[in-house]
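**Student:** please work out how this folds:
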Amino acid sequence: MTPLRILFVSTGNACRSQMAEGWVRHLAPEGVIARSAGTEPRHLHPLATRAMQELGVDIGHQRGKGVDAVRHERFDLIVTLCETAAATCPPLPLAKARIHRPFDDPAFLESDDDADLETYRALRDELRAFVDELLRERRATR
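**Tutor:** Next up, the predicted model:
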């Protein structure tokens, strides 16, 4: 069976898309490949890494990258995770389908303190629920 390939796209590829990629890598059965990219890529946010690590998901090795870095890869599904990404992500020639599921961006938080970590934890949990649902739907249609 051909692997299922999912690309998560957010504006910065600093948090939301990286966390979603991490959840797929952690939760999905063998044969599901996740990647992430940003329309205006930045560095992975340390609170995103910390929040995921609390639940045993290591995304510390992942790096922020732009959509151009994955332009020539084949994807079964592209998931845009914010309005900016939905509006600015260029069409990718080898992508079969695209959906939009927006999540709030915690990047507006300027510090790395424990109060801000709560926002990242909430996002982490919302993304896990979304990825669980997405994987269930994809298994049902394959």
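
**Student:** going forward, measure contacts and count neighbours with C-alpha atoms only.
**Tutor:** Fine.

**Student:** low-confidence stretches in this protein?
**Tutor:** Applying pLDDT under 70 to the chain picks out residues 1, 108-112, 140-142.

**Student:** can we see that at 80?
**Tutor:** For the chain, the stretches flagged by pLDDT under 80 are 1-2, 107-115, 138-142.

**Student:** where along it do the helices fall?
**Tutor:** 16-27, 46-53, 83-88, 114-141 (DSSP state H).

**Student:** winner for burial among these?
**Tutor:** Comparing these by mean neighbour count (mean count of other C-alpha atoms under 10 Å), helix 16-27 ranks first with a mean of 24.

**Student:** before we move on, the earlier item: got JSON lines for the helices of the chain, with distance to residue 6 too?
**Tutor:** Rendered in JSON lines, the data for those read as follows (distance: least, C-alpha to C-alpha, whole Å):
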{"stretch": "helix 16-27", "distance to residue 6": "8"}
{"stretch": "helix 46-53", "distance to residue 6": "19"}
{"stretch": "helix 83-88", "distance to residue 6": "15"}
{"stretch": "helix 114-141", "distance to residue 6": "10"}
